[in-house]
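[1] no sequence on this one, just coordinates:
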C-alpha cells in the first residue's frame, strides 16, 4: 500500500520485465514508432520526476498507438492513476498488464493496491496472495525479475 515504495521499485526495475514481450521488424521503425517511443520516454521522465498527470498523458499516447504493448507502461500508468486518486483506471491498467504478462507479480500487486483503494479488501488480499505465490514460484524457478 506504500505508493512511494512502489514508485521507487518501478523506477529501479525500469523495463527489465518487458524483455521478450516486444519484437519489432525493420518496417515498424516508422515516424509513428519514433513518436510513440518518444512519448514513452517523456512519460518515463515525468514518472521519475513524480509529475504523474504528465506521465499519464504521455503513457496514454504510447498505449493509444498500439504498435507496442508494454506491461511496465501499464503498471507505471496504474501507479500514476493511484497517486492521482483514480483507482478505477488504475485497476484497469493493472489488469491490462496482467493480460500482456499473465505471470508477472507486479501486475497482481498493482491490482491489489487498486482494489484496496476501492475498499474491496477481500479481492485485494486475494491478488496480494496471488502476487506473492507468483513471486515465490519465479524465485524457485530461477527466472529473473
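    Happy to help now that I have it. The structure presented is a predicted model; accordingly, all values stated were derived computationally and were not measured.
[2] can you pull out the strands in this structure?
    In the chain, no segments count as strands under DSSP state E.
[3] Show me where it dips below the pLDDT cut-off.
    19-29, 142-145 (pLDDT under 70).
[4] mind listing the helices for it?
    Applying DSSP state H to the chain gives helices spanning 3-13, 31-48, 52-65, 71-83, 87-100, 105-117, 121-141.
[5] got those helices as JSON lines, with mean neighbour count columns?
    C-betas here are computed from N, CA, C, even on glycine. Below are the helices of the chain laid out as JSON lines (neighbours: other Cβ atoms under 10 Å):
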{"stretch": "helix 3-13", "mean neighbour count": "14"}
{"stretch": "helix 31-48", "mean neighbour count": "16"}
{"stretch": "helix 52-65", "mean neighbour count": "19"}
{"stretch": "helix 71-83", "mean neighbour count": "26"}
{"stretch": "helix 87-100", "mean neighbour count": "20"}
{"stretch": "helix 105-117", "mean neighbour count": "24"}
{"stretch": "helix 121-141", "mean neighbour count": "14"}
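[6] how much space between residue 47 and residue 126?
    Shown here: residue 47 relative to residue 126, a distance of 28 Å by Cβ to Cβ, to the nearest Å.
[7] What of residue 67?
    34 Å.
[8] just residue 78 next, same as before
    In terms of Cβ to Cβ, residue 78 sits 18 Å off from residue 126.
[9] And for residue 105?
    Counting by Cβ to Cβ, the gap from residue 105 to residue 126 is 14 Å.
[10] so how far is residue 80 from the residue nearest to residue 84 when sequence neighbours are not counted?
    In space, and not counting its chain neighbours, residue 84 is closest to residue 52: 5.5 Å by Cβ to Cβ, 6 or more residues apart in numbering. Separation of residue 52 from residue 80 (Cβ to Cβ): 4 Å.
[11] how much space between the spatially most central residue of the chain and residue 13?
    Compute the mean C-alpha point of the chain, and by Cα atoms, centre = their mean the closest residue is residue 75, 1.3 Å away. Computed as Cβ to Cβ, the residue 75 to residue 13 distance reads 9 Å.
[12] What of residue 51?
    Residue 51 is 20 Å from residue 13, by Cβ to Cβ.
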